[in-house]
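Peer 1: everything below, folded, please.
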Amino acid sequence: MAFQPLCKSNLLYEGELVPCIVGKTEVVVMWPEGGRPRAFDAACPHDDVSLARGVFSGHTLTCIAHGWVFDGHTGEGVAPEGCAMQEYPIRLVDGVVEIDLDDED
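Peer 2: Okay, here's the model as predicted:
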């Protein structure tokens, strides 16, 4: 695993989404209410539209292009089912959220 800095941890709040860019990869960090922060590729699996511009309710993320909905805890598709956002491992080190993009295709 090759972790690299993503953002400062004080930018993350429960119930919110934070868009980030690491190199050429756009990422969204979702911290769903009652959950933990998780990082996902920002490209919608449906049409490659950026989910960084989506609507995050604190529980679900809705793509602005075609209304696909994803669970903020898992990245799994809610509507429609059977799809998922690509998740990346993250960790907290000295107040900085780090991400591992090594598994990226």
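
Peer 1: what's residue 96 in contact with, if anything?
Peer 2: 5, 6, 7, 8, 9 (CB atoms under 8 Å, 6 or more residues apart in numbering). Placement of C-beta: from N, CA and C, glycine included.

Peer 1: just the strands in the chain please.
Peer 2: 3-8, 16-22, 25-31, 38-41, 55-56, 60-62, 69-71, 77-79, 87-88, 90-93, 96-100 (DSSP state E).

Peer 1: do I have it right that residue 90 meets residue 99?
Peer 2: Yes: the pair residue 90 / residue 99 is scored as a contact, 5.1 Å apart, by CB atoms under 8 Å.

Peer 1: quick check: neighbours shared by these two?
Peer 2: Listed contacts common to residue 90 and residue 99 are 6, 39; contacts here mean CB under 8 Å, 6+ apart.

Peer 1: relative to residue 63, how far out is residue 81?
Peer 2: The gap separating residue 81 from residue 63 is 15 Å, by CB to CB, to the nearest Å.

Peer 1: so for the two, which sits in the more crowded spot?
Peer 2: Neighbours per residue, other CB atoms under 10 Å: of residue 81 and residue 63, the larger number sits with residue 63, 19 against 9.

Peer 1: tell me the contacts of that one?
Peer 2: Neighbour list for residue 63: 44, 46, 49, 51, 54, 69, 70 [criterion: CB under 8 Å, 6+ apart].

Peer 1: just the buried residues from those residues, in ChimeraX please.
Peer 2: To isolate the buried subset of the contacts of residue 63 in ChimeraX, counting by 16 or more other CB atoms under 10 Å, use the following:
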select :44,49,51,54,69,70
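
Peer 1: out of the contacts of residue 63, who's nearest residue 38?
Peer 2: Residue 38 lies nearest to residue 70 out of the contacts of residue 63, by CB to CB, at 11.0 Å.

Peer 1: isn't the closest one right up against residue 59?
Peer 2: No: contact criterion CB under 8 Å: residue 70 and residue 59 do not qualify, at 10.2 Å.

Peer 1: among the contacts of residue 63, which two are most distant?
Peer 2: Checking the contacts of residue 63 with CB to CB, the most distant pair is 49 and 69, at 13.6 Å.
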